[in-house]
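*Asks:* next input, structure requested:
(4 chains)
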Protein chains: 4
Amino acid sequence: MASPWHGGAAAVATITFDVDAETPILAHSRRYADHPMTMSHQSFGPDVGVPRILDMLDETGIPATFFVPGWVAEHRPGLAASIVERGHEVAHHSYSHRPAASMTPAQERADFVRALEVFANQGIDIAGHRAAMWDASWRTPALIAEHGLTYDSSLMGDDRPYRISTDSGPIVELPVHWSLDDWEQYAYLPEPNIGTVIESPVKVAEMWRAELDAMRRYRCLFNLCLHPFLSGRPSRLLALRGLIEFALDRGDIRFMRCRDVAAAVAADPGMAPRAISPPRVDPDVYPD
Amino acid sequence: MASPWHGGAAAVATITFDVDAETPILAHSRRYADHPMTMSHQSFGPDVGVPRILDMLDETGIPATFFVPGWVAEHRPGLAASIVERGHEVAHHSYSHRPAASMTPAQERADFVRALEVFANQGIDIAGHRAAMWDASWRTPALIAEHGLTYDSSLMGDDRPYRISTDSGPIVELPVHWSLDDWEQYAYLPEPNIGTVIESPVKVAEMWRAELDAMRRYRCLFNLCLHPFLSGRPSRLLALRGLIEFALDRGDIRFMRCRDVAAAVAADPGMAPRAISPPRVDPDVYPD
Amino acid sequence: MASPWHGGAAAVATITFDVDAETPILAHSRRYADHPMTMSHQSFGPDVGVPRILDMLDETGIPATFFVPGWVAEHRPGLAASIVERGHEVAHHSYSHRPAASMTPAQERADFVRALEVFANQGIDIAGHRAAMWDASWRTPALIAEHGLTYDSSLMGDDRPYRISTDSGPIVELPVHWSLDDWEQYAYLPEPNIGTVIESPVKVAEMWRAELDAMRRYRCLFNLCLHPFLSGRPSRLLALRGLIEFALDRGDIRFMRCRDVAAAVAADPGMAPRAISPPRVDPDVYPD
Amino acid sequence: MASPWHGGAAAVATITFDVDAETPILAHSRRYADHPMTMSHQSFGPDVGVPRILDMLDETGIPATFFVPGWVAEHRPGLAASIVERGHEVAHHSYSHRPAASMTPAQERADFVRALEVFANQGIDIAGHRAAMWDASWRTPALIAEHGLTYDSSLMGDDRPYRISTDSGPIVELPVHWSLDDWEQYAYLPEPNIGTVIESPVKVAEMWRAELDAMRRYRCLFNLCLHPFLSGRPSRLLALRGLIEFALDRGDIRFMRCRDVAAAVAADPGMAPRAISPPRVDPDVYPD
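*Replies:* Residues are numbered from 1 along each chain as shown, chains lettered A, B, ... in the order given. Coordinates of the predicted model:
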């Protein structure tokens, strides 16, 4: 029999890692491949960050979800499997990390399918999707449903999961937010400019603890988005570990993989799919 | 008999919410309607933030003022009424959230009137105005007076209320300031770039508590400007609640709706209207 | 008989206020005069900030120095005198607040002299100069000496006073630094963009206390640069007051007006004037 | 006999100073030489910062490494020798501080060799290199090996040293990171814009202590990059001193010059050289 998606927990936590490696930088311009500092800044993520993160997850006993661009999985053939072997989920994060909302429908479809093919070739089962830069198009949910995936994790319409109806059937949305992303706190690179201020993990952990704690009041999804090239650094990883231990101490927070949250939401009789659509915009009011 | 505007309180606090929804983003460009992440980031405000805020205000027993663009009230027909029903004030915040200072006089007038019509159609009584982006024109105060509103809340000439004389009679100014706005602390969006740093609610609450406390020394108006899409997030809302409780504990701070402050100022015999005008600028000194 | 410039104090503190009012904004473009919010944001400085600051200085018994653009003194005829009457120094801060380094020599001279004329007309005795935006030209020190002023406060070659030789005789430099300026901590305005992050006075006071304390070890000049439109806000002013009280408690920090520091430096036999000049730059090394 | 590079320490710390003086600003444009404030902001580094830093290093007994652009050593003839005399290392930091990755191969080689010639003329022995802006080209490691230097310190592929194979033999990489650089925390200059936020040394010291402590868990290289024009300010220098004392108290952190770390890594039988190369980028995936 169906039960509420949260299974009685005060809040549900999904610890997610976007294993972007070089892709967000190359999506700015492929000429950044000429800069070894920049490329090594990004390759730190899969090469040093991911193994360290996997060990930390083992130690705390937490399941996590890793969103991997197809390009990254293709260029590092053993990476996705090494994550799945440790009990975590690997999910779709576009092929190239170029934003879908800036693509033609044909380009978006080709990029979407190409990533699925990479994972199929590697025998990795994919259940969900997160748009590159979270910048989905209005077509993206239907594309997800059409290909048999069950969820998206790119939108911000709530801080609790919701269902979206599409022409190919409903999907679950596991919403994200800028304030639960390590990029805004830690990312710095002068060119391309991906961020300008480097915050202390002390501040970041304090802010995330406050949000996680407050989310218990509203039965939210604490959907934390991390990047191994950022949060794989030693003090940031220990701050993350401290956050997980804080959550475990609370006793009423449940850690889940995204696919398992999506399945629970889809089975929750109280969660009816919503139609989403662009706002109607009158060119006389907003001329350009 | 007339008494001082502050009624003896050490400081007066107006908790205000600008329910902007999609409008500030569409005012940058209507092409942002093509980005579901961006649109959902904004719709979180009226859809999730406002109900949660109304509950918090009920629990603390504080009256507040909600500045709503006409476009938002029109696209969400029940929104303004749901706020008034809970005992709060709804006020004018332009129709489109495009800045008045960049409009022609005819455009500003049309935008101003269109918002009044939306509220009239919904039976919402409007007493005051806040310019979109606080970016009023020098014509705006007269427009406010001409339409029978009693106050504006867009300027920064003081941190106590003041009266402005216009050709259509005087209005009250309830001044704002960047440091008492959640936008500068929390807003983040890469495109359009609406902010680049996400602060912790711990820092924000500390800063606002310090200002509120210090304002008691100068008998100021603590005119806090919040946005439901930002301050409707769980830990930020709890930080705001903590700030309100801090103020209540002080015992000498009075929470009021903007219209009630404006009425008290207008009735205060010590508050004479001031003329305001642009500075005289010599093109030989400032050539462009 | 001459004694060391610091008179035995561990550190010397000059609390300075740049009373810029509208000038730095108009120097970006005179079209900002069309924006009443922006203009009122700036006029808060002389209208509300300065009287409040003068009261605080009276209460703590500290002498200060106010750098006033000629344009501001001219547009607010009683302002400079009201500062001098309270025992503080008024000094030259250009006429228009346009940066000297971007002017032709003739423009710089005209702007420099025009400010002197304004102060002469108002009977205000001027002993020193601070460049607008600290952006002096290499000609500025000689211009200062030629007009009989004794010091400049715009450069950063040390954190202790030094003397500069010019063709018109030596002047004293009272160096400034970005980290001892309230602008970088508090200034925010979207257009013109004068800053993007608003820090808490708690952080700012902590940072300045640390610097003041550490300067006692190196016998530095704590030359604090404040702006009434920023530091005239209640909690910022109280934080400044707390910093002054911290310094007074130390017992070995001496508060002085800039002109008095300059006189002590000029009389210190250990302070020989230095020549300053632009670095020699080979166009083959730095082609543009 | 060869032993592990870290000699049993939990973490190894290299305190490094990039003595850039005017060069990073002139590399933006030589017209900044016309701005005495800007030039004096930079000259503070070698003129005031370096002597103060050398004294602090004496007091704490810590060896450090100073990366000096050839242009700076040439324009201040006694500078490099004054550092070596105090027991520290001087290393190659380009001639002009223009980024190698933006140069032609011939330009990079000429700039690289010119710096070596300056140091040879001054009798300064050079063992290693750090790229200006860390922005090495893919040719840089071979250039380093070809000229008999043993290490580079510009890349970010790990937070532990690694070896890089080149056509001219292997070199050691001592990786850097944005989060262990004072520039991102302290640098501010409006034009050229080199940074926009000035952090408190209290925050910076807290962040670096956390990273140093966490690095003990992963046996990392704490390769701190400082700039005398920034960290030579009194409270920042005391914060750095506090960090060093914190590390000394830990008892298991070893302070070394970069050349000594490089020698230990080269002698460590467990450290095999890796080939590095640009990622293969398909122009159909990343078209520009």
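*Asks:* ok, the nearest residue to A:Thr16 once chain neighbours are set aside - contacts?
*Replies:* Distances taken as C-beta to C-beta, 6 or more residues apart in numbering or on different chains put A:Thr65 closest to A:Thr16, at 4.6 Å, once the chain neighbours are dropped. No exception for glycine: its C-beta is placed from N, CA and C like everyone else's. Going by C-beta atoms under 8 Å, 6 or more residues apart in numbering or on different chains, A:Thr65 touches A:Thr14, A:Ile15, A:Thr16, A:Phe17, A:His88, A:Glu89, A:Val90, A:Ala91, A:Gly128, A:Arg257, A:Cys258, A:Arg259.
*Asks:* the same query, at a cut-off of 10 Å, please.
*Replies:* Shown in contact with A:Thr65 (C-beta atoms under 10 Å, 6 or more residues apart in numbering or on different chains): A:14-18, A:83, A:88-91, A:127-128, A:130, A:153, A:174, A:223, A:225, A:256-261.
*Asks:* phi, psi of A:Ile253?
*Replies:* Here is the backbone geometry of A:Ile253 (degrees, to the nearest 10): phi -110, psi 130.
*Asks:* then A:Leu248?
*Replies:* Torsion angles, degrees, to the nearest 10, at A:Leu248: phi -60, psi -40.
*Asks:* state the number of residues packed around it.
*Replies:* A:Leu248: 14 surrounding residues under other C-beta atoms under 10 Å in any protein chain shown.
*Asks:* for the closest residue to it other than its chain neighbours, list the residues it contacts.
*Replies:* Excluding the flanking residues, the one nearest A:Leu248 by C-beta to C-beta, 6+ apart is A:Thr60, at 7.4 Å. Going by C-beta under 10 Å, 6+ apart, A:Thr60 touches A:Ile15, A:Leu240, A:Arg241, A:Ile244, A:Glu245, A:Ala247, A:Leu248, A:Phe255.
*Asks:* I'd guessed the first one sits against A:Phe67; true?
*Replies:* The one in question is A:Ile15. No. Assessed by C-beta atoms under 10 Å, A:Ile15 is found out of contact with A:Phe67, at 11.7 Å.
*Asks:* any shared contact partners between those two?
*Replies:* A:Cys225, A:Cys258.
*Asks:* surely A:Met207 and A:Leu180 touch.
*Replies:* Yes. Judged on C-beta under 10 Å, A:Met207 makes contact with A:Leu180 at a distance of 9.2 Å.
*Asks:* overlap of the contact sets of the two?
*Replies:* Common neighbours of A:Met207 and A:Leu180 (C-beta under 10 Å, 6+ apart) are B:Ile198.
*Asks:* what about the two, which has more around it?
*Replies:* Legend: neighbour count by other C-beta under 10 Å for A:Met207 and A:Leu180, higher for A:Leu180 (24 against 21).
*Asks:* return the distance of that one relative to chain B.
*Replies:* Separation of A:Leu180 from chain B (C-beta to the nearest C-beta, to the nearest Å): 9 Å.
*Asks:* list the contacts of that residue.
*Replies:* Applying C-beta under 10 Å, 6+ apart, one finds that A:Leu180 lies in contact with A:14, A:16, A:159, A:207-208, A:211-212, A:215, A:221-226, B:198, B:233.
*Asks:* let's see 7 Å
*Replies:* A:Leu180 makes contact with A:Trp208, A:Glu211, A:Phe222, A:Asn223, A:Leu224, A:Cys225 under the criterion C-beta atoms under 7 Å, 6 or more residues apart in numbering or on different chains.
*Asks:* which ones among these are found in strands?
*Replies:* A:Phe222, A:Asn223, A:Leu224, A:Cys225 (DSSP state E).
*Asks:* count of residues packed around the closest residue in space to the first one that isn't next to it in sequence?
*Replies:* Leaving aside its chain neighbours, A:Phe222 sits nearest to A:Ala13 (4.3 Å; criterion: C-beta to C-beta, 6+ apart). Using other C-beta under 10 Å, the number of residues around A:Ala13 comes to 24.
*Asks:* what does A:Ala205 give?
*Replies:* A:Ala205: 22 surrounding residues under other C-beta under 10 Å.
*Asks:* below-threshold pLDDT in chain A: ranges please.
*Replies:* A:1 (pLDDT under 70).
*Asks:* need the residues of it near chain B, please.
*Replies:* Contacts of chain A with chain B, taken as C-beta under 7 Å from any C-beta of the partner chain, map to A:101, A:134-136, A:138, A:154-159, A:178-179, A:184, A:196-197, A:203, A:206-207, A:210-211, A:214-215, A:217-218, A:220, A:276, A:278-279, A:281, A:283, A:285-286, A:288.
*Asks:* where exactly do the helices run in chain A?
*Replies:* A:23-28, A:36-44, A:50-60, A:70-75, A:79-84, A:105-121, A:140-146, A:183-186, A:201-218, A:228-231, A:234-250, A:258-266 (DSSP state H).
*Asks:* most tightly packed of those helices?
*Replies:* Most buried of those by mean neighbour count (mean count of other C-beta atoms under 10 Å in any protein chain shown) is helix A:228-231; its value is a mean of 27.
*Asks:* give me the helices and strands touching it, please.
*Replies:* helix A:36-44, helix A:234-250 (3 or more C-beta pairs under 7 Å, 6 or more residues apart in numbering or on different chains; DSSP states H and E).
*Asks:* if you set the cut-off to 8 Å instead, what comes out?
*Replies:* helix A:36-44, helix A:50-60, helix A:183-186, helix A:234-250 (3 or more C-beta pairs under 8 Å, 6 or more residues apart in numbering or on different chains; DSSP states H and E).
*Asks:* between the helices of chain A, which gets nearest to D:Gly7?
*Replies:* helix A:234-250 (19.7 Å; C-beta to C-beta).
*Asks:* pull the residues that contact that closest one.
*Replies:* For helix A:234-250, contacts defined as C-beta under 8 Å, 6+ apart pick out A:10, A:13, A:15, A:52-53, A:56, A:59-60, A:62, A:182, A:186, A:201-202, A:204-205, A:208-209, A:212-213, A:216, A:222, A:226, A:230-231, A:253, A:255, D:159, D:207, D:210-211, D:213-215, D:217-218, D:220.
*Asks:* so how far is that helix off the chain centroid?
*Replies:* Averaging C-alpha positions (C-alpha atoms, centre = their mean, to the nearest Å) puts helix A:234-250 19 Å from its chain's average.
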